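J.: quick one, what's the 3D model for this:
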Amino acid sequence: MTGQSVTDSVNELMDYVDDIEELVDDEDASEEGAEEEPEEGLDSEPEGEDPEEEPDEEDAEEKLIEITIGDEEYEVNLEELKSGYIRNEELVKAKEQLEEQVSAKEYELLADREKLVEQYNQLLLEDNANLLQFQNIDWEKFRQQNPEAYREWRIKYVEAQEAHQSRVQRRDHIASLHKKQEELRHQAYVTKQQKLALELIPELEEPNFVDEIVAYAKTIGYTREEVFGIVEAKQLYVLKQAMDNSNAKARRAEASKKIEKVVPQVVKPRTTTTKADTDKTKSSALRSKLNSTHSMKDAANVLLDFI
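T.: Alright, predicted model coming up:
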């Protein structure tokens, strides 16, 4: 500190505290409970300036948000939006559970109908065996020989025929319902797979995509009819992935060919031998031979080469 010791500063502070205590003691007791006005310069904000307001969670939740449902626009706050989302999730789960339950019941019903049709077929076999006993009867001769027995057997025959025909009609009706329900289930499954296929393969809505995937499928052994017969969305997606991989491979091969055409081949420079090099080599060979033989002939050849 400059010009003042620590002790002096502490003493001044203690004096200030004493002054404050005296002021408090002198205050009138009747004013107890009255609201104290804030001292200027401590808690009051400067004039013309608004205190910074911290964002209030309640205000944020009350803020309206525009959302679109169908063709209608709505304004909702954050809490309503959260509640709506939670309710929507709950509805989606409830719908999925209901669909699973309905599907299970349909399977049970289909199985029961199929079993019932089999039971009727067995009864019809028994009916046919029962009707065989009436097949070879000469009814006119039987009537003349024994009218009472004729009437009794004729009634049995008619009842057996009617029972057989009734079972045939009921069997056919149940089989028809069974077939129709299977068709409806299949159509619902196809519709679901078509929706899933559009999610997995948005390109299906492009005009030329179907022709492209059919053309590729033919290269790996599919027929056009087999491609259009694909129901499983995942199977179609796998086929599309295979086509994309094949196209990418073809593009890489094409790019590689273009690069090979652009990059020039490196040609090694041809070594040229000059006459001077040849003469130098010849002279060196003659001198080497002379050093080996020391003959007059080789000495003459060296001399002639030098000249």
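J.: quick one: contacts for Glu225?
T.: Contact analysis of Glu225 by Cβ atoms under 8 Å, 6 or more residues apart in numbering lists nothing. All C-beta atoms are positioned from the backbone trio N, CA, C, and that covers glycine.
J.: quick one: Glu66 is in a strand?
T.: Yes. Remark: Glu66 belongs to a strand, assigned using DSSP: H, G, I helix; E, B strand; the rest coil.
J.: how far away is it from Asn77?
T.: Shown here: Glu66 relative to Asn77, a distance of 11 Å by Cβ to Cβ, to the nearest Å.
J.: likewise for Tyr157?
T.: Computed with Cβ to Cβ, the distance linking Tyr157 and Asn77 is 82 Å.
J.: who's more crowded, the two?
T.: Between Tyr157 and Asn77, counting by other Cβ atoms under 10 Å, Tyr157 is the more crowded of the two (17 against 14).
J.: surely the more buried one is in contact with Gln135?
T.: No. Look at Tyr157 against Gln135 with Cβ atoms under 8 Å: they stay out of range, at 9.9 Å.
J.: name the SS class of Leu198, please.
T.: Going by three-state DSSP: Leu198 is helix.
J.: OK, contacts around it?
T.: Residues near Leu198 by Cβ under 8 Å, 6+ apart: Leu204, Glu205.
J.: buried ones in stretch 232-243, by neighbour count?
T.: Buried residues in stretch 232-243, defined by neighbour count with 16 or more other Cβ atoms under 10 Å: Ala233, Leu236, Leu239, Lys240, Met243.
J.: so, low pLDDT: which residues of the stretch 101-250 of the chain?
T.: Along the stretch 101-250 of the chain, the model assigns pLDDT under 70 to residues 101-107.
J.: what's the nearest residue to Leu109 if we skip its chain neighbours?
T.: Gln181 (7.2 Å; Cβ to Cβ, 6 or more residues apart in numbering).
J.: for that neighbour, give its distance to Asn247.
T.: Counting by Cβ to Cβ - Gln181 and Asn247 are separated by 43 Å.
J.: with Lys179 instead?
T.: Taking Cβ to Cβ, one finds Lys179 at 43 Å from Asn247.
J.: over to Glu152?
T.: For Glu152, the distance to Asn247 equals 83 Å [Cβ to Cβ].
J.: the residue nearest to Leu109 against Leu110, yeah?
T.: Yes. The pair Gln181 / Leu110 is scored as a contact, 6.2 Å apart, by Cβ under 8 Å.
J.: list the buried ones in the helix or strand containing Val227?
T.: If you go by DSSP states H and E, Val227 is part of helix 224-228. Neighbour counts over helix 224-228 (16+ other Cβ under 10 Å) mark Val227 as buried.
J.: please save the CA atoms from that helix in CSV.
T.: Taking Å, rounded to 0.1, in the frame of the first residue of the first chain, the C-alpha atoms of helix 224-228 are listed here in CSV:
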residue,chain,number,x,y,z
ARG,A,224,-38.5,-59.0,-65.5
GLU,A,225,-41.4,-60.9,-64.0
GLU,A,226,-39.3,-62.1,-61.1
VAL,A,227,-38.3,-58.5,-60.3
PHE,A,228,-41.9,-57.3,-60.3
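J.: tell me which other helices or strands the helix or strand following that helix touches.
T.: If you walk from helix 224-228 toward the C-terminus, the next helix or strand you reach (DSSP H and E) is helix 233-262. Judged by 3 or more Cβ pairs under 8 Å, 6 or more residues apart in numbering; DSSP states H and E, helix 233-262 is in contact with helix 147-200, helix 209-219.
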